[in-house]
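Undergrad: Sequence and predicted structure, then a few things I'm wondering about:
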Amino acid sequence: MNMEDIIIKKRDGGKLTEQEIRYFVRGYTAGDIPDYQASALLMAIYFQKLDREETFQLTDAMKSSGDMADLSGIPGIKVDKHSTGGVGDKTTLIAAPIAAACGVPIAKMSGRGLGFTGGTIDKLESIPGMRTTLTPEEFTAQVSEIGIALIGQSGHITPADKKIYALRDVTGTVENMSLIASSIMSKKLAAGSDAIVLDVKCGDGAFMKKQEDARELGQIMCDIGESAGRKTIAMITDMNQPLGCAVGNGLEVREAIDVLHGKGPYDITELSLQLAGAMIYLGGRVKAFEEGAYMARQALSSGAAWEKFRMLVQHQGGDLETIEDPDLLPRSDTKKQIIADSYGFVSRIEAEQIGIASQHTGAGRAVKDEAIDPGAGVVLEKKVGDHVSKGEVLAAVYASSRKKAELAADEVELAYTISRDRPEVPELIKEIIR
Ligand code: URA
C-alpha cells in the first residue's frame, strides 16, 4: 500500500477501504507519512467526501490510535454529553449533576476553552482547590462512590485526531462534515461511555450557521455512535445568542449554581433539563424519552441535583464555602457597564462577538495553554426579546484592568442590536435526532 495511490483514489472519487484508512491514520500518527501527503488526502476528502462506512472507519481508526478509557468497572449505563461549542454554554455543570442525581453514572472528560468558546474544565477550576486531574483509579472510584466525576482529558487519548485536526486547521480542511464528525466521535468513543448525548449548536455563534448543516452533522455523529454500538441522541440547539447571561469561567459557575437552585435564566435552565432528560433516558432510568426531562425537573426542584454538584466539588477538593456563597467565587475588580443609547427591543446579540469580548477581558485564551483570568467575562442584563429603555444597562464586563474592560465593553456594545419592533425569540431546541 502506498500513500500516493490512496490520494489519487480519493481525488478521483473512489471509496477507501478500511485497510487504506488505517494505513493513513497509523502512518501519519507515527510520523511515517509526511504532512504534504496527509494534507493532499484531506483536501481530496474535503472535495470528494467520505461515505458512511468510510467515515466510521476513520473514526474507529482514530479512536484506537491511543489510550481508551475503561469504564467497565463502574456499574450501570455510563452516559456522556458533548457540545459542539458555544458561548455561555455551562450545561455540563448543570445537566451532569442532574443526570447523576437520577442514577445515571457520569464519568466525563471535558476540555478547555480556546478562542471564543469556553471549556468546562476552565469553569470548574475557577472554584478554588478544585482538582480536574484524577488518576484512572481515583476517577473510577469516585464515580462508583458518588455517581459523578468531571475531569480534563487524561492519558494519551486519540493522538491521531490531535495531529490530523492540527493539520486541518492550517490547510483549509476543517469544514467537512465527515472529518468534523469523526474527530468529535473518535474522542467520545475513546472516552468509554456506553451512550452519548450530543448538543449540536446552530447559529451565529456556532460552527454550523445553518440548521440543515447542523442536522447533517448530528445525523452523521448519531450514525457513527450507533455503528460503534453506543446509543446516541443529537439535539440541534440555538446559538444565535449566548446561552444564559454569564460568559466567563467564575461568572458561569455562579450562574450554574443559580440554575441548580432553581433561579437561573430560562434558556440555560430549560436546555440543561432537556439534555439531562436525554441522558436519563439513554441511561435507562425511564422508559419513554419524554419522561427523562420530567425526572430531571424533579431532581432540580427537590435539591437533589444541587446536592450532587456539592458532592462533586467536595470530592474533587473544591472549596465548599465558595459554592455555598458564590460571592466568594472569583470576579474581576474592574467593571464596566454597557448602556442602551436608544429604546426598543433587543433583536440580536451576536454570540461570537460576545465570546470574543469575553476572551479579551481575559476569560479566554487565543492560543493553547495560555493562562486565563477566572474572574473575568461578560454578564448580559438583557437578552433577545427584552424591552430596553434609553439609559438602561444592557450588560457588564469584568476584567483585571480598565484597558481590557473598555475594549471588551466596546465589543459587547457592537454585538447588540436594538430595534423598534419586538423580534421573534429563536427556538431553543430546533430538532432532536434519535
Ligand atoms: N471539534 C473537534 O473536536 N473536531 C473538529 O473537527 C471540529 C470541532
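TA: Perfect, thanks for sending it.
Undergrad: okay, CA-based contacts and neighbour counts for the rest of this
TA: Fine.
Undergrad: so residue 75 sits in a helix?
TA: No - with DSSP: H, G, I helix; E, B strand; the rest coil as the criterion, residue 75 is coil rather than part of a helix.
Undergrad: Against the ligand, how distant is the residue nearest to it when sequence neighbours are not counted?
TA: Once flanking residues are discounted, residue 75 sits nearest to residue 144: 7.3 Å by CA to CA, 6 or more residues apart in numbering. As judged by CA to the nearest ligand atom, to the nearest Å, residue 144 and the ligand stand 28 Å apart.
Undergrad: is it true that residue 59 touches residue 185?
TA: Yes - here residue 59 reaches residue 185: they are 6.6 Å apart, a contact under CA atoms under 8 Å.
Undergrad: Without its sequence neighbours, what residue ends up closest to residue 190?
TA: If the residues on either side of it in the chain are set aside, residue 190 comes closest to residue 68, at 4.7 Å by CA to CA, 6+ apart.
Undergrad: rewinding a little: higher neighbour count, residue 59 and residue 185?
TA: residue 59 (31 against 26; other CA atoms under 10 Å).
Undergrad: what's near enough to touch that one?
TA: Residues in contact with residue 59 (CA atoms under 8 Å, 6 or more residues apart in numbering) are 182-183, 185-186, 224.
Undergrad: Recalculate using a threshold of 7 Å.
TA: By CA atoms under 7 Å, 6 or more residues apart in numbering, the contact set of residue 59 is 182-183, 185-186.
Undergrad: who touches the helix or strand that contains residue 161?
TA: Assigned by DSSP states H and E, residue 161 falls within helix 159-169. The contact list for helix 159-169 (CA under 7 Å, 6+ apart) reads 25, 29, 62, 65-66, 174, 183.
Undergrad: now do stretch 341-358
TA: Stretch 341-358 has contacts (CA under 7 Å, 6+ apart) with 87, 116-117, 204-205, 239-242, 247-248, 364, 377-378, 383-391, 408, 411-412, 415-423.
Undergrad: rewinding a little: burial count for the residue nearest to residue 75?
TA: For residue 144, the number of neighbouring residues by other CA under 10 Å comes to 18.
Undergrad: Same question for residue 391.
TA: If you count neighbours by other CA under 10 Å, residue 391 ends up with 12.
Undergrad: How is it assigned, secondary-structure-wise?
TA: Three-state assignment for residue 391 (three-state DSSP): coil.
Undergrad: quick one, helices of the stretch 301-434 of the chain?
TA: 304-315, 320-324, 351-358, 402-415 (DSSP state H, counting those that start in this stretch).
Undergrad: Would you indicate which residues of the second one are buried?
TA: Right, helix 320-324. Going by neighbour count (16 or more other CA atoms under 10 Å), the buried part of helix 320-324 is 320, 323.
Undergrad: Just the CA atoms of that helix, as CSV, please.
TA: The C-alpha trace of helix 320-324 is given here as CSV (Å, rounded to 0.1, in the frame of the first residue of the first chain):
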residue,chain,number,x,y,z
LEU,A,320,-17.4,24.3,49.5
GLU,A,321,-17.7,27.7,51.1
THR,A,322,-17.3,29.4,47.7
ILE,A,323,-20.1,27.5,46.1
GLU,A,324,-22.4,27.9,49.1
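Undergrad: how distant is that helix from the center of its chain?
TA: Counting by CA atoms, centre = their mean, to the nearest Å, helix 320-324 is centred 25 Å from the centre of its parent chain.
Undergrad: again with the first one
TA: In this view, helix 304-315 has its centroid 21 Å away from the chain centroid, taken as CA atoms, centre = their mean.
Undergrad: How about the last one?
TA: Its chain's C-alpha centre and that of helix 402-415 lie 25 Å apart, by CA atoms, centre = their mean.
Undergrad: That helix packs against which elements?
TA: Packing contacts for helix 402-415, counted by 3 or more CA pairs under 7 Å, 6 or more residues apart in numbering; DSSP states H and E, involve strand 334-339, helix 351-358, strand 393-399.
Undergrad: now for the first one, which elements pack on it?
TA: The one in question is strand 334-339. Using 3+ CA pairs under 7 Å, 6+ apart, strand 334-339 sits against strand 393-399, helix 402-415.
Undergrad: Looking at this structure, what residue ends up closest to the ligand?
TA: Per CA to the nearest ligand atom, residue 180 is where the chain lies closest to the ligand, at 3.5 Å.
Undergrad: Any chance of the helices and strands packed on strand 334-339 in a markdown table with mean pLDDT as columns?
TA: Listed next are the helices and strands packed on strand 334-339 as a markdown table, based on pLDDT from 0 to 100:
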| stretch | mean pLDDT |
| --- | --- |
| strand 393-399 | 98 |
| helix 402-415 | 98 |
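Undergrad: any idea how far residue 243 is from residue 123?
TA: Going from residue 243 to residue 123 by CA to CA, to the nearest Å gives 15 Å.
Undergrad: Ramachandran angles for the residue nearest the centre of the chain?
TA: What sits nearest the mean C-alpha location of the chain, by CA atoms, centre = their mean, is residue 83, with 3.3 Å. Per-residue torsions, residue 83: phi -110, psi 140 (degrees, to the nearest 10).
Undergrad: Might you report the residue contacts of it?
TA: Counting by CA under 7 Å, 6+ apart, residue 83 touches 198-200.
Undergrad: out of those, which is most surrounded?
TA: Highest neighbour count within the contacts of residue 83: residue 200, with 29 neighbours (other CA under 10 Å).
Undergrad: these two touch, right, that one and residue 218?
TA: Yes - contact criterion CA atoms under 7 Å: residue 200 and residue 218 qualify, at 6.4 Å.
Undergrad: Can you check which residues contact both of those two?
TA: Listed contacts common to residue 200 and residue 218 are residue 234; contacts here mean CA under 7 Å, 6+ apart.
Undergrad: Are we agreed that residue 226 is in a helix?
TA: Yes - assigned with three-state DSSP, residue 226 falls within a helix.
Undergrad: ok, it - how many residues close by?
TA: Neighbour tally, residue 226, other CA under 10 Å: 15.
Undergrad: Leaving out sequence neighbours, find the closest residue to it.
TA: Distances taken as CA to CA, 6+ apart put residue 232 closest to residue 226, at 6.5 Å, once the chain neighbours are dropped.
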